[in-house]
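Undergrad: need a structure here:
(2 chains)
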Amino acid sequence: MSATCEFQAKDYKSDLKPIWCPGCGDFSVVQGIYRALAAIGRPPHEIAFVSGIGCSSRIPGYTTAYGFNTIHGRALPIAQGIKLANPDLLVLAAGGDGDGFSIGGGHIAHLVRRNIDITYIVMDNQIYGLTKGQLSPTSQKGRVTCTSRFGSLEQPVNPLLYMLAYGAGFVAQASPTDLVGMAAIIEEAIRFPGFSFVNIQSPCVTYGEEAQQIKGLKAISESLVALGHNPADRLAAMDLAQHYGEKMHLGVFYRNPEPAPTYDGLVRERQALLSKDALPKERILDLFIKK
Amino acid sequence: MRKDLVFGMAGSGGDGIVSAGDSLLQAAAAEGYHGVMTKSFGSQIRGGESSCRVRISTDPILNPGGNLDVAVALNWDDFLKFGAELPVSGTTVVIYEAATGVAENEIPLVGVTPLQVIAVPIAAMAKETAGTERAKNTVVLGLIAGWFGIGAVAVMKGIRKKLAKKGEELVEANQRAFDAGRAFAMAHPLKASMNIVASETKGDVKLITDGNDMCAAAAIFAGCQFFGGYPITPSTEIMQFFTDHVWKYGGAVLQAEDEIAGIGAAIGASFAGKKAMTATSGPGLSLKGEMMGLASIAELPLVIVDVQRGGPSTGLPTKTEQSDLFAAAFSAHGDVIRPVLAPTSVADTFRITIEAFNIAEYYQTPVIVLSDQEIASRKETMDPIDTTQFKIINRLRPAGADLVDYKRFKQTENHISPISHPGMLGGTYLASGIEHVESGAPTNSGSVHTRMNEKRTRKFDSLKDRKDLFEVTGDPHAPIAMIAWGSVAGVCREALAMAQAEGLNVKLLVPYLLYPVAEGVYNDFFGSVQKGLVIEQTHLAQTFKLLRMHLDLPKGLRSLARSGANPFLPGEIVAALHQLLSELQRSHEGKLQPQE
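TA: Have a look, this model is predicted:
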């Protein structure tokens, strides 16, 4: 493994110029990721950064890591294949709220229960931006969009509560309103040994509502540290997570004090345990000999 | 004396019919015979109807055979549910359970008078000798040993081994049931002896396995280190084999939450530099479409096995069909070529699966192995395969100068670009489903899209020259031809031999590479063809249409196509060939007649 402290944030920035709208929250998110990666110090070629489809899913291309901008909703299944094929890699997955909690929603419970050591960053803006402003799974009930002219009829999902309920070992929320804090949270998530989730309230400047812009978010933000929240207390975390949508709690909701074994770690153990039973490959058909 | 016998047995789920078939096949192999066993079930997990067909021969076997020589019905309701899968003819000996109460001259087979019909009190004999009707299948094996000379010693040797852990008492009970069956047969000889001749190769080592296990073993041999999949009949055993073995080779297997995640994880593993595979059946293939498109545009090697069953939708989930050809060739949107290969037997599933990995790795593409339920779940005896004859191809890695200002999708002479993977210093790039320039950076440019489409499709030109992925048998100048693939190819190989024995000048083309269509190979084959048949198990004649889309077919080439679960018999194909010959002769005569 490589030495730390050799890299600076700029070493993770690619030459591709982001095509996000000026003022988009995702600009801050990618900065936070550069800083977190520099703090951790893994060289870019040892990082695989996977995304789905959406504005925020452009993000791997803006880093110098191995990027994979896949298809809508499927960043997590692909990321887990990468991690299982080569557990030495640092694997990041990212995308938007629609990508993660609508079309890709079915995968999350399974990634969490397998506890594959991947960090999943969702840039949550309560809207479908790339398709120009439709209702998203985290849009508030009553929200008016071009596919809900008379107001949304459905309850939003609660990403934080879902993740906690599924059993994720690390659940946090960050915001571009506090870049330093966001970078620290992403770093902590990556360092957590197991599946980790960071929800980032990343405003859409083009289709987002006034209340969800930086000013509005600042007004409802509250630091979990300042609240005196104990991140080892999962039930307290779930209590706080219920305020998703009304309050913006920033910080670590839950960090399992006794991280469970990871799937990728167990795979390695099994490989080591069984490798002695391997027939040489050229003799694999001996398995079918009937005498 | 017979050199070849086809047994078809049916009963209800708990009767142990398939287990009897297994024992018979293994005993035959131990006695030096070649054997093929197919299974067919209703969709119920417990109870329901269950059948197997076992063909045993002194010569290598090409297919599970046509009409039955021996039919065994433990009850008539279940036997009749298999219809054309267990065809009884005038040369069939029918053995059935006397307790059904059906008189020998009143068995419910319409329009056929079997060679001989024998009612046997199978259940009663099982109860009397073993104390339980569950030994019915062992009584049947005793009957077969007595009447047809297969397995007199080897069957019980096998059963003894299988039941050893369950105690001597159970073994002895089975021995008594077996002996009773054999004694019954001896006491009631057939009108005409049907004993099989002794094999000359007794004691030679043989392999016995089915297509799914063979496919998975071939994948591991080819270097596959990751399998992602989801349970679906009739392909699940491939994943099961991986869960038993792949760890030993430093690999991993993931039973994913759905079909999409299964192929997604495999694509991730391939991106990470490992050979990867997924397997599924029709409905799963439909779900994997978008991911297959991603693997094509990101140029990632991947093998997708589709074990075909009757479709569309749930269709006939336990029965074979060849109706996924269009889906294999064309599912997923956009302009894309995705190679499709098809094995024709359990034995050649080994070679074809290795070819699939080699093609996937060389061309950096998803490849579909189009197996079918019959091949996947039938068991074959095989002579040992020399695995050292197979060459393994690995993807082209960037090295040296490639890694200076590395361009993942660099235009090259053969359109294949060196591929890096995470962990490789100097090789970082953005893989994507979005169109990209040579470096991997996204683009919306029409001209780049044209160039990249050209790169991604022209790279397969050399694949179409692979004549070794086609088999031509018979006289190359024959005017009458057959084309068939997959499990149907085996029936046609036998039909070819029969037709030749009857003096017909016929040839057969078996494509292992179905797509892209290798125009040159077909045009060479068509040179002498005046009449012919494309024989396939799809209602819509998908193979015939795929060929017509790419080629000018000879005028006399026709389709012989039917829905799944209605097997072709070698005899009916020979009859169809005779028909073609007489048409040909008539048309020649017509030409010779003077004009009015």
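Undergrad: next up, phi/psi of residue 146, please.
TA: Reading this off chain A. Here is the backbone geometry of A:C146 (degrees, to the nearest 10): phi -70, psi -10.
Undergrad: list the contacts for A:G54?
TA: A:H72, A:G95, A:G96, A:G98, A:D99, A:Y128, A:G129, A:L130 (C-beta atoms under 8 Å, 6 or more residues apart in numbering or on different chains). In short, each C-beta sits where N, CA and C put it, glycine included.
Undergrad: how many neighbours does the last one have?
TA: Right, the one you point to is A:L130. 17 (other C-beta atoms under 10 Å in any protein chain shown).
Undergrad: so who does it touch?
TA: A:I53, A:G54, A:C55.
Undergrad: that one in helix, strand or coil?
TA: Assigned with DSSP: H, G, I helix; E, B strand; the rest coil, A:L130 falls in the coil class.
Undergrad: biggest helix in the chain, by residue count?
TA: As the question left the chain open, I've gone with chain A. Longest helix of chain A, by residue count under DSSP state H: helix A:26-40.
Undergrad: meant chain B, my bad for not saying
TA: Assignment by DSSP H gives helix B:570-592 as the longest helix of chain B.
Undergrad: remind me what that one packs against, helices and strands.
TA: When contacts are defined as 3 or more C-beta pairs under 8 Å, 6 or more residues apart in numbering or on different chains; DSSP states H and E, helix B:570-592 sits against strand B:480-483, helix B:486-501, strand B:531-536.
Undergrad: contact partners of the first one?
TA: In other words, strand B:480-483. Under C-beta under 8 Å, 6+ apart, the answer for strand B:480-483 is B:492, B:495-496, B:504-511, B:525-526, B:528-535, B:543, B:547, B:557, B:573, B:577, B:580-581, B:584.
Undergrad: give me the buried subset of those residues.
TA: B:492, B:495-496, B:504, B:506-511, B:525-526, B:528-535, B:543, B:547, B:557, B:573, B:577, B:580-581 (16 or more other C-beta atoms under 10 Å in any protein chain shown).
Undergrad: domains of chain B?
TA: Chain B breaks down by automatic domain parsing into domains covering B:4-187, B:208-389, B:396-461, B:469-589.
Undergrad: ok, the shortest one near chain A or not?
TA: Yes: among the residues of domain B:396-461, B:420-434, B:440-442 lie within reach of chain A under C-beta under 8 Å from any C-beta of the partner chain.
Undergrad: what's the answer for the longest one, then?
TA: Yes: for a cut-off given as C-beta under 8 Å from any C-beta, domain B:4-187 has contacts with chain A, namely B:Q26, B:A29, B:A30.
Undergrad: just the ones of these in strands?
TA: Here DSSP state E is the test, and those give no hits in strands at all.
Undergrad: cross these against helices and list the overlap.
TA: When DSSP H defines the helices, the subset of the residues of domain B:4-187 next to chain A inside them is B:Q26, B:A29, B:A30.
Undergrad: sorry, back to before: rank the domains of chain B by mean pLDDT and give me the bottom one.
TA: Lowest mean pLDDT within these: domain B:4-187, at a mean of 94.
Undergrad: ok now that domain, how far from the chain's centre?
TA: Distance of domain B:4-187 from its chain centroid, counting by C-alpha atoms, centre = their mean, to the nearest Å, is 24 Å.
Undergrad: tell me how far the ends of it are from each other?
TA: End-to-end distance of domain B:4-187 (C-alpha to C-alpha, to the nearest Å): 24 Å.
Undergrad: in chain B, which residue sits nearest chain A?
TA: B:G268 (2.6 Å; C-beta to the nearest C-beta).
Undergrad: with adjacent residues omitted, what lies nearest to that residue?
TA: Spatial nearest neighbour of B:G268, chain neighbours left out: A:G81 (2.6 Å); criterion: C-beta to C-beta, 6 or more residues apart in numbering or on different chains.
Undergrad: likewise for B:D335?
TA: Among residues not flanking B:D335 along the chain, B:N453 sits closest, at 5.4 Å (C-beta to C-beta, 6+ apart).
Undergrad: using CSV, write down the CA coordinates of the helix or strand hosting that neighbour.
TA: Secondary structure from DSSP states H and E places B:N453 in helix B:446-458. Extracted in CSV, the C-alpha atoms of helix B:446-458 (Å, rounded to 0.1, in the frame of the first residue of the first chain):
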residue,chain,number,x,y,z
GLY,B,446,-21.5,13.2,-34.6
SER,B,447,-18.2,12.6,-36.4
VAL,B,448,-16.6,11.0,-33.3
HIS,B,449,-19.7,8.9,-32.9
THR,B,450,-19.4,7.7,-36.5
ARG,B,451,-15.7,6.9,-36.1
MET,B,452,-16.3,5.0,-32.8
ASN,B,453,-19.2,3.1,-34.2
GLU,B,454,-16.9,2.1,-37.1
LYS,B,455,-14.2,1.0,-34.6
ARG,B,456,-16.7,-1.0,-32.4
THR,B,457,-18.2,-2.8,-35.4
ARG,B,458,-15.3,-3.2,-37.8
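Undergrad: next structured bit after that helix?
TA: Following helix B:446-458 in sequence, per DSSP H and E, is strand B:470-474.
Undergrad: next, the angle from that next one to helix B:486-501.
TA: With axes from the mean of the first three to the mean of the last three C-alpha atoms, to 10 degrees as the basis, strand B:470-474 and helix B:486-501 are set at 20 degrees to each other.
Undergrad: B:I267 contacts B:K288, doesn't it?
TA: No: contact criterion C-beta atoms under 8 Å: B:I267 and B:K288 do not qualify, at 10.0 Å.
Undergrad: buried residues, stretch B:235-250. List them.
TA: Quick answer for stretch B:235-250 (16+ other C-beta under 10 Å): B:235-242, B:245-249.
Undergrad: now it, how far from the centre of its chain.
TA: That offset, for stretch B:235-250, works out to 19 Å (C-alpha atoms, centre = their mean).
Undergrad: quick one: contacts of that stretch?
TA: Applying C-beta under 8 Å, 6+ apart, the contact partners of stretch B:235-250 are A:267, A:270-271, A:273-275, A:277-279, A:281, A:284, A:287, B:210, B:212-213, B:215-217, B:219-220, B:224-227, B:229, B:231, B:251-253, B:255, B:279-281, B:284, B:305-307, B:371, B:376-377.
Undergrad: of the residues you listed, buried ones?
TA: Using 16+ other C-beta under 10 Å, the buried ones in the contacts of stretch B:235-250 are A:267, A:271, A:274, A:278, A:284, B:210, B:212-213, B:215-217, B:219-220, B:224-227, B:229, B:251-253, B:255, B:279-281, B:284, B:305-307, B:371, B:376-377.
Undergrad: give me the element the residue of the stretch 51-200 of chain A found nearest chain B is part of.
TA: Closest to chain B within the stretch 51-200 of chain A is A:G81: 2.6 Å, counting by C-beta to the nearest C-beta. Element membership for A:G81 (DSSP H and E) is helix A:75-85.
Undergrad: elements contacting that helix?
TA: Using 3+ C-beta pairs under 8 Å, 6+ apart, helix A:75-85 sits against strand A:47-51, strand A:90-96, helix A:105-114, strand A:119-124, helix A:263-274, strand B:224-229, strand B:252-255, helix B:259-271.
Undergrad: contact partners for B:K455?
TA: The contact partners of B:K455, taken as C-beta under 8 Å, 6+ apart, are B:F409, B:Q411, B:H415.
Undergrad: any chance of those residues in a markdown table, plus neighbour count and secondary structure?
TA: Output for the contacts of B:K455, formatted as a markdown table (neighbours: other C-beta atoms under 10 Å in any protein chain shown; DSSP: H, G, I helix; E, B strand; the rest coil):
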| residue | neighbour count | secondary structure |
| --- | --- | --- |
| B:F409 | 24 | coil |
| B:Q411 | 12 | coil |
| B:H415 | 21 | coil |
